[in-house]
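Peer 1: Here's a sequence, model it:
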Amino acid sequence: MAKYIGKRLLYMILSLWLIVTATFFFMRIAPGNPFTSEKQLPPEIEANLNAHYGLDKPWYAQYGDYLLKVAKWDFGPSFKYKSQSVNDLINEGFPVSFILGLEAILIAVAFGLILGIIAALKHNRWQDYTAMIIAVAGISVPSFIMATFLQYFLAIKLGVFPVARFETFMHTVLPALALASTPMAFIARLTRSSMLEVMSNDYIKTAKAKGLSQGVITVKHAIRNALLPVVTYMGPLTAGILTGSFVIEKIFGIPGLGSHFVTSITNRDYTVIMGVTVFYSIILLASILLVDIAYGIIDPRIKLAGGKKGE
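Peer 2: Here you go, the predicted structure:
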């Protein structure tokens, strides 16, 4: 296990370096600069700003400085948020996105598994059709459309939940539901297809022949083996939701990491764009590593060292 984790950490470092490098050069070739605005700055002031932030150095010097700063977990100052660094914005926005994302993950996993299991156990019956209609609707309707739909009916028309902002638990319900709708639908479909495959295996038929109840067969034998595709999906899902949906946070006026990222794009705040991208990438790579480790825990037949199932 230690050897495998060490090997994966090396791959993570290499992947992170490639992401940092690509992000840095994409920002360099992007049109304009951080000080581009509707009101043109005098050349002297713009030159002083470039010198202050080190933007007048050669590209290789800027690249080397940025790599050293990232290695020290210092993403530099924000060009638009005065007296704040990118680290300050991440520390301020990520806890909000984490709370919202954790709530959305719990909703997506809980209801997705329930819908998928019911659809598989009641295959080709009305329960199956109903669950799949809900899943297709969740996949087909974008999260920002779902967000406006929930706002209009549950907040404006019925007044059950607040329309926007992030103050109490009630303020988190609608954005969490909007965030969870699409992943819940994917989890439901994955669970259904995986459960149907598992339920057709010989050991399930043997368990039925021994007289075990449907509940015991489902809980002890079927669900655990049907979880592998869901676990695979949980890696990128967790990274995406925990860092916050950019559009959802903007719609509900939530001061999370996604909201800062959207604002940084419109403001050409390059250090924030690069810092949030690197931070998101670290979470994504860590989530994928945890998923690989979870594989070996859920199904011991899968060897972390790369052995084939059943060896």
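Peer 1: can I get the CA coordinates of stretch 55-69 in CSV?
Peer 2: Provided in CSV are the C-alpha atoms of stretch 55-69 (Å, rounded to 0.1, in the frame of the first residue of the first chain):
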residue,chain,number,x,y,z
LEU,A,55,5.2,41.4,-14.9
ASP,A,56,8.0,43.2,-16.6
LYS,A,57,10.4,40.3,-16.2
PRO,A,58,11.2,37.8,-19.0
TRP,A,59,8.6,34.9,-19.2
TYR,A,60,11.1,32.3,-17.9
ALA,A,61,11.8,34.4,-14.8
GLN,A,62,8.1,34.8,-14.2
TYR,A,63,7.6,31.1,-14.7
GLY,A,64,10.4,30.2,-12.3
ASP,A,65,9.1,32.6,-9.6
TYR,A,66,5.6,31.2,-10.0
LEU,A,67,6.8,27.6,-9.6
LEU,A,68,8.7,28.5,-6.4
LYS,A,69,5.7,30.3,-5.0
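Peer 1: Can you give me the buried ones in the lengthiest helix in the chain?
Peer 2: Determined from DSSP state H, the single longest helix within the chain is helix 86-121. For helix 86-121, the buried set under the neighbour-count rule, 16 or more other C-beta atoms under 10 Å, comprises 86-87, 89-90, 93-94, 96-101, 103-105, 107-109, 111-113, 115-121. C-betas here are computed from N, CA, C, even on glycine.
Peer 1: How about stretch 194-213?
Peer 2: Buried residues in stretch 194-213, defined by neighbour count with 16+ other C-beta under 10 Å: 194-196, 198-199, 204, 207.
Peer 1: between the residues you listed, which is nearest Ile265?
Peer 2: Ile265 has its nearest neighbour among those in Ser194, at 37.9 Å by C-beta to C-beta.
Peer 1: Contacts only, for the closest one.
Peer 2: Going by C-beta atoms under 8 Å, 6 or more residues apart in numbering, Ser194 touches 116, 225-230.
Peer 1: Sort out which of those residues are in helices and list them.
Peer 2: Per DSSP H, the subset of these in helices is 116, 225-226, 228-230.
Peer 1: Just among the residues you listed, which is most surrounded?
Peer 2: Gly116 (29 neighbours; other C-beta atoms under 10 Å).
Peer 1: gap between Val247 and Leu89?
Peer 2: 19 Å (C-beta to C-beta, to the nearest Å).
Peer 1: count of residues packed around the nearest residue to Thr271 once chain neighbours are set aside?
Peer 2: Excluding the flanking residues, the one nearest Thr271 by C-beta to C-beta, 6 or more residues apart in numbering is Gly76, at 4.6 Å. Neighbour count for Gly76, taken as other C-beta under 10 Å: 19.
Peer 1: Gly76 against Val278, yeah?
Peer 2: No: counting by C-beta atoms under 8 Å, Gly76 stays clear of Val278, with 11.2 Å between them.
Peer 1: residue ranges for the helices of this protein, please.
Peer 2: Going by DSSP H, the chain shows helices at 2-29, 43-52, 59-71, 86-121, 126-140, 143-150, 169-199, 202-209, 214-216, 223-226, 228-242, 246-251, 257-266, 270-298.
Peer 1: now the ones you listed in a markdown table, with mean pLDDT?
Peer 2: Below are the helices of the chain laid out as a markdown table (pLDDT from 0 to 100):
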| stretch | mean pLDDT |
| --- | --- |
| helix 2-29 | 85 |
| helix 43-52 | 73 |
| helix 59-71 | 88 |
| helix 86-121 | 89 |
| helix 126-140 | 89 |
| helix 143-150 | 88 |
| helix 169-199 | 89 |
| helix 202-209 | 79 |
| helix 214-216 | 76 |
| helix 223-226 | 78 |
| helix 228-242 | 75 |
| helix 246-251 | 82 |
| helix 257-266 | 79 |
| helix 270-298 | 81 |
